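Chemist: Here is the input, now give the coordinates:
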Amino acid sequence: MPIDPRTVRRAAVRAGALAGAMLLAGGAMAASDPGVPRAPQMQFVPPPAGTYSLQHIQSCPDGVLLDAAGRARRLSTLTRGQITLLTFFYTSCPDPLGCPFALGLMSSLRHRIVADPGLAGHVRFVSISFDPGHDSPQRLASYASGAAAGTGFEWDFLTAPSMAQLAPLLQDFGQDVRVEADRQGRPLRAISHMLKLFLIDASGAVREIYALDYLQPEVMLNDMRTLQMEQRELHQHARAASAPAARPAGPGGGRSPGPHSTF
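Modeler: Numbering: from 1, shown residues only. Predicted coordinates:
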């Protein structure tokens, strides 16, 4: 039975994650400053783009959110037509291996996507806050001005009018969120959540879900290139299917007679 290269990459990433965790634990015992947070080192060579396929995990959930200008936006309008990398976050996240790490990773990916002729103009980012009580559109606008300025790259930051309106979307994505509380049960600013990034194809299907131990830029870029190749092939097949049938060759060798031609 042939071995799926994505199975190999996941096993290698898991090994790298375990080694990285051990190194972080050792570093924490040896020094008080663990340094800049980094994803586990990649312990394998990722398969080339287009040599594998990504499964269809689910259709991308939909809902009405607010953008940084306070306008109502339906999520489906931001997850169709291009490849989308979507994540949930909150602006006051204190975990260096949580939202701040995802922000830095996505910023780095954005620059590489813009410089890639095969991906530039075909990928967007969407970041949704799961702290709508604190992350107002005005706060998102300030946050986005530092995160996504200066490249012309499409990166939308969204929030919701309330947690009650956001909850169904979180549930549909399988994004668990729990607000931390003190001993008296009063909510704290920290929100417990698992970092996830969702890769969505141009038709709105979730094709990959990255957790912390899978956040390898080379793998993610190759996944995006694979989806773009797939989309290009679909368009070529659609054009070929809709093209008119060729006229049979006649006395003129298959050429259409001109306005003055006679037979």
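Chemist: okay, CA-based contacts and neighbour counts for the rest of this
Modeler: Noted.
Chemist: Can you give me the neighbour number for the residue nearest to residue 205 when sequence neighbours are not counted?
Modeler: Nearest-residue entry for residue 205: residue 59, 4.4 Å, with adjacent residues in sequence omitted and distances by C-alpha to C-alpha, 6 or more residues apart in numbering. Residues lying near residue 59 (other C-alpha atoms under 10 Å) number 15.
Chemist: contacting residues for residue 59?
Modeler: Going by C-alpha atoms under 8 Å, 6 or more residues apart in numbering, residue 59 touches 204-206.
Chemist: one more time with 10 Å
Modeler: Applying C-alpha atoms under 10 Å, 6 or more residues apart in numbering to residue 59 gives the contacts 172-173, 200-201, 203-207.
Chemist: which ones among these are found in strands?
Modeler: In this view, these that belong to strands under DSSP state E are 200, 205-207.
Chemist: next one: phi and psi at the residue nearest to residue 205?
Modeler: Torsion angles at residue 59 (phi, psi; degrees, to the nearest 10) stand at phi -70, psi 140.
Chemist: Helices along the stretch 151-263 of the chain, start to end?
Modeler: In the stretch 151-263 of the chain, the helices defined using DSSP state H, counting those that start in this stretch lie at 163-173, 217-242.
Chemist: residue ranges with poor pLDDT in the stretch 151-263 of the chain?
Modeler: Judged against pLDDT under 70, the low-scoring parts of the stretch 151-263 of the chain cover residues 151, 178-192, 245-263.
Chemist: that older thread, and the contacts of residue 59, which is closest to residue 239?
Modeler: Residue 239 lies nearest to residue 203 out of those, by C-alpha to C-alpha, at 17.1 Å.
Chemist: doesn't residue 83 make contact with that closest one?
Modeler: Yes: with contact defined as C-alpha atoms under 10 Å, residue 203 counts as touching residue 83 (8.5 Å).
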